[in-house]
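Asker: Sequence below, structure please.
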Amino acid sequence: MAAPSMGGVSLPRGNGQTVRLPRGASLTDLAERINAQPAALVTALFHLGEMVTATQSVNDETLQLLGAEIGWVIQVVSPEDEDRELLEDFDLTFGDEEGDEGDWDSRPPVVTVMGHVDHGKTKLLDAIRHSNVVSKEAGGITQHIGAYQIVTELEHNERPITFIDTPGHESFTAMRARGAKVTDIVVLVVAADDGVMPQTVEALNHAQAADVPIVVAVNKIDKEGANPAKIRQQLTEYGLVAEEYGGDTMFVDVSATTRQGLDELLTAILLTADASLDLRANTEQDPQGVVIEGKLDKGRGPVATVLVQRGTLRQGDSIVAGDAYGRVRSLLDEHGNKLKEALPARPVQVVGLTSVPRAGDTFLVVDEDRVARQIADRRQARIRNAQNASMRKRISLEDLDAALKETRQLNLIIKGDNSGTVEALEEALMKIEMDDEIALRVIHRGVGGITKSDIDLALADDVIVLGFNVRAEGQATELANREGVDVRYYTVIYQAIDEIEAALKGMLKPIYEEVQLGTAEVREVFRVPKIGNVAGSLVRSGTIVRNSKARLVRDGAVVADNLTVESLRRFKDDATEVREGYECGIGLGSFNDIKVDDVIQTFEMREKPRD
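Answerer: Model (predicted):
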């Protein structure tokens, strides 16, 4: 049955049937699913006020708008479902435990440390693992994710615990939420001298959404003004009731500086894991897990820190992580020591990938390199289509006139030392509130130093290049200096956000407002040879300034606008300005239609500061 004609176009009616499409699908993709002509869909969408080509990636809202018009329910497949369907094409699955439970072994708990910025999360981990991460972080703020495993003792048994250190700044919310997804237990760090802060609540919400047990570490108890009891009371409002108050949440008072309470904290983590969780994993299954961070190492190439969630990852395995693939050339622990294999809940660095995967990507091991490459290529195409669809600005027919006018756009290339940081920085920049007159567009992002090809791309599109913890290399520096490409380097995310926001405001066209300077009442009109009429006036308010803009008002109506005070005299002397209460002669250039009792208003146009 055909749909009613839309401008002479007939389309097959869906009658409420559902059609599933991946993110960023084109009208050609939809046409194949519903047995229609792509050109017909283009025309149908045109009549709905949207202009899209047949092969262009289309965003979810536009697809659903078209579907509703022609009687089809368009269901845009989520990234997780897309990935599941992609793996099913290769007879693979992700996340489903299989095999004999006899192959399952106990595994360490994976702990994510969360909390408000500057409450001592990294210092606490620093104290636990006897390393010094803080000194390497710009401004003492964690700029990227790290994963580490430590071994402690409980009831005379050695027990490993895996820690994931997440960034503390609110711009990294997405990475922090991603950290909670791979987590068994959350350690919520709250400073005893500061109390519950906005990011404390934000971290708590992430942990509760992930449905994981929480252990509260009340830090900085050695500081003056520390009040651990107040922290317990504050967190009661958010559903975290301490065991001593009859609840089921363990609170531990610690000090990262004096190392007080660290053993008690590790014990609380293990007791919570034993009481609330059955932490076992299948060690014989095909290895799978999550990418914690990715970076480009000068000596080793792309390096991904992954957390093995099931199976045993070994050297020589064919691996696909997000849209990156390769053969595991070597496995390294957090100290750079080589490992032969990595068991579940073990964070490990993988060397041998073709590119840098993104933080949060899933990884799995397949039988052949060929299959890994095919999965990676399909994922790459899917991600590219989704990005194209989200970047496409919807243009309606009503907006066409405005769209054809000159648009102001700030183009950026973002390069960073690891994928999680690049992603978080891009997300933070895209959240900057902008006027409709300007747009921000990230045309390329990547991991590693700024290369010559980045500068070439910047030249082609008039782009600003942002380097986060990376620098331009050799020829790239020379080319950027020679061609005047704006390359900016940052080590702290706040600075990048502030500077880009300032640049965007600088691109806005200035807004001017009229500021009244003074008014004068015409008492007498004099005819001056070669000059014309001059208004003998009394300044009623403000100041009359020579060369200022003026308008003439008669009986409350504007007789003339866009005039200029070309001459201004006090008696026989020229004056620059005349203040309220004084008499003066005002000449308005070639404008001579001046009468007694007219009012001359003077003003200037001043640039209005933007918020």
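Asker: from here on, contacts and neighbour counts on C-alpha atoms
Answerer: OK.
Asker: Check the gap between residue 458 and residue 486 for me.
Answerer: 9 Å (CA to CA, to the nearest Å).
Asker: tell me the residue furthest from the middle of this structure?
Answerer: residue 529 (69.0 Å; CA atoms, centre = their mean).
Asker: Next one, pLDDT for residue 325 please.
Answerer: With respect to pLDDT, residue 325 scores 91.
Asker: ok, back up a step: between residue 458 and residue 486, what contacts are shared?
Answerer: Residues touching both residue 458 and residue 486 by CA atoms under 8 Å, 6 or more residues apart in numbering: 464, 465.
Asker: Can you pick out the residue with more neighbours from these two?
Answerer: Each of residue 458 and residue 486 has its neighbours counted (other CA atoms under 10 Å); residue 458 has more, 22 against 15.
Asker: which regions of the stretch 151-300 of the chain sit below the pLDDT cut-off?
Answerer: Under the criterion pLDDT under 70, the flagged ranges of the stretch 151-300 of the chain are 166-181.
Asker: where along it do the helices fall?
Answerer: Using DSSP state H, counting those that start in this stretch, the helices of the stretch 151-300 of the chain run over residues 173-181, 198-209, 228-236, 262-276.
Asker: can you tell which of the ones you listed is closest to residue 478?
Answerer: helix 173-181 (35.0 Å; CA to CA).
Asker: which non-adjacent residue is nearest residue 147?
Answerer: Excluding its sequence neighbours, the residue lying closest to residue 147 (CA to CA, 6 or more residues apart in numbering) is residue 164, at 4.4 Å.
Asker: Can you give me the neighbour number for that neighbour?
Answerer: Neighbour number of residue 164 under other CA under 10 Å is 25.
Asker: Sheet-wise, list the partners of the strand or helix carrying residue 600 with their directions.
Answerer: For residue 600, the element it lies in under DSSP states H and E is strand 599-608. The strands beside strand 599-608 in its sheet (DSSP bridges) come out as strand 511-528 (antiparallel), strand 549-554 (antiparallel).
Asker: which one of the ones you listed has the most crowded surroundings?
Answerer: strand 549-554 (a mean of 20; mean count of other CA atoms under 10 Å).
Asker: tell me the mean pLDDT for it?
Answerer: 93.
Asker: How far does that strand sit from its chain's centre?
Answerer: 51 Å (CA atoms, centre = their mean, to the nearest Å).
Asker: hmm, back to that, any chance of JSON lines for the helices of the stretch 151-300 of the chain, columns mean neighbour count and distance to residue 114?
Answerer: Output for these, formatted as JSON lines (neighbours: other CA atoms under 10 Å; distance: least, CA to CA, whole Å):
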{"stretch": "helix 173-181", "mean neighbour count": "22", "distance to residue 114": "8"}
{"stretch": "helix 198-209", "mean neighbour count": "18", "distance to residue 114": "6"}
{"stretch": "helix 228-236", "mean neighbour count": "17", "distance to residue 114": "15"}
{"stretch": "helix 262-276", "mean neighbour count": "17", "distance to residue 114": "14"}
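Asker: and those helices as TSV, adding distance to residue 445?
Answerer: As requested, the helices of the stretch 151-300 of the chain are exported to TSV (distance: least, CA to CA, whole Å):
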stretch	distance to residue 445
helix 173-181	17
helix 198-209	27
helix 228-236	40
helix 262-276	38
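Asker: So which of those is nearest residue 466?
Answerer: helix 173-181 (20.1 Å).
Asker: The helix or strand residue 495 falls within - contacts with which helices or strands?
Answerer: Applying DSSP H and E as the criterion places residue 495 in helix 493-507. In terms of contacts (3 or more CA pairs under 8 Å, 6 or more residues apart in numbering; DSSP states H and E), helix 493-507 is packed against helix 419-430, strand 438-447.
Asker: Nearest approach to residue 188 belongs to which of those?
Answerer: With CA to CA as the yardstick, what comes closest out of those is helix 419-430 (21.4 Å).
Asker: Taking helix 493-507 as reference, get the angle to that closest one.
Answerer: 30 degrees (axes from the mean of the first three to the mean of the last three CA atoms, to 10 degrees).
Asker: could you say what helices and strands helix 419-430 packs with?
Answerer: Looks like helix 419-430 contacts helix 173-181, strand 288-297, strand 408-416, strand 438-447, helix 493-507 (3+ CA pairs under 8 Å, 6+ apart).
Asker: you'd agree residue 191 is up against residue 115?
Answerer: No. Using CA atoms under 8 Å, residue 191 is not in contact with residue 115; the gap is 9.0 Å.
Asker: re earlier: dump the helices and strands packed on helix 419-430 into CSV; add distance to residue 472 as well.
Answerer: Output for the helices and strands packed on helix 419-430, formatted as CSV (distance: least, CA to CA, whole Å):
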stretch, distance to residue 472
helix 173-181, 26
strand 288-297, 14
strand 408-416, 10
strand 438-447, 12
helix 493-507, 17
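Asker: Identify, out of these, the most deeply packed stretch.
Answerer: strand 288-297 (a mean of 25).
Asker: State the next helix or strand along the chain beyond that strand.
Answerer: Trace forward from strand 288-297 with DSSP H and E and the next one is strand 301-310.
Asker: now that next one, how far from the chain's geometric center?
Answerer: On CA atoms, centre = their mean, the centre of strand 301-310 falls 23 Å from that of its chain.
Asker: where does this protein dip in pLDDT?
Answerer: If you take pLDDT under 70 as the line, the chain has these spans: 1-10, 14, 78-103, 131-145, 166-181, 386-408, 434-437, 461, 506-510, 609-611.
Asker: in the chain, which helix has the most residues?
Answerer: helix 369-391 (DSSP state H).
Asker: That one to strand 438-447, inter-axis angle?
Answerer: Using the same axes, to 10 degrees, helix 369-391 lies at 170 degrees relative to strand 438-447.
Asker: and helix 369-391, what does it pack onto?
Answerer: helix 79-89, strand 318-321, strand 324-332.
Asker: returning to that earlier point: specify the stretch among the strands paired with strand 599-608 that is closest to residue 596.
Answerer: strand 511-528 (5.2 Å).
Asker: Now the element after that closest one, going C-ward?
Answerer: Following strand 511-528 in sequence, per DSSP H and E, is strand 532-545.
Asker: which residues sit against that following strand?
Answerer: Applying CA under 8 Å, 6+ apart, the contact partners of strand 532-545 are 517-528, 565, 568, 576-594, 602.
Asker: between that strand and strand 599-608, how many degrees?
Answerer: Using the same axes, to 10 degrees, strand 532-545 lies at 50 degrees relative to strand 599-608.
Asker: Just tell me which of the helices and strands packed on helix 419-430 ends up closest to residue 550.
Answerer: helix 493-507 (30.0 Å).
Asker: how many degrees apart are the closest one and strand 408-416 in direction?
Answerer: Using the same axes, to 10 degrees: helix 493-507 against strand 408-416 is 160 degrees.
Asker: burial of residue 33, as a residue count?
Answerer: Neighbours of residue 33 using other CA under 10 Å come to 12.
Asker: In this structure it contacts residue 19, no?
Answerer: Yes. With contact taken as CA under 8 Å, residue 33 and residue 19 are classed as touching, separated by 7.1 Å.
Asker: Residue 603: what's it in contact with?
Answerer: 514, 515, 516, 517, 518, 548, 549, 550.
Asker: what's the closest non-adjacent residue to residue 30?
Answerer: residue 21 (7.3 Å).
Asker: whoops, residue 341 was the one
Answerer: residue 314 (4.4 Å).
Asker: these two touch, right, the one you found and residue 340?
Answerer: Yes. The criterion here is CA under 8 Å, and residue 314 meets it with residue 340 at 6.1 Å.
Asker: Which one of those two is surrounded by more residues?
Answerer: Looking at residue 314 and residue 340 with other CA under 10 Å, you find the greater number of neighbours at residue 314, namely 19 against 11.
Asker: Against residue 275, how distant is that one?
Answerer: For residue 314 relative to residue 275 (CA to CA), the value is 32 Å.
Asker: give the contact list for residue 327.
Answerer: 316, 317, 318, 319, 352, 353, 369.
Asker: who wins for most neighbours among the residues you listed?
Answerer: residue 319 (28 neighbours).
Asker: The stretch 1-150 of the chain: strands as residue ranges?
Answerer: 17-21, 72-76, 104-106, 110-115, 146-154 (DSSP state E, counting those that start in this stretch).
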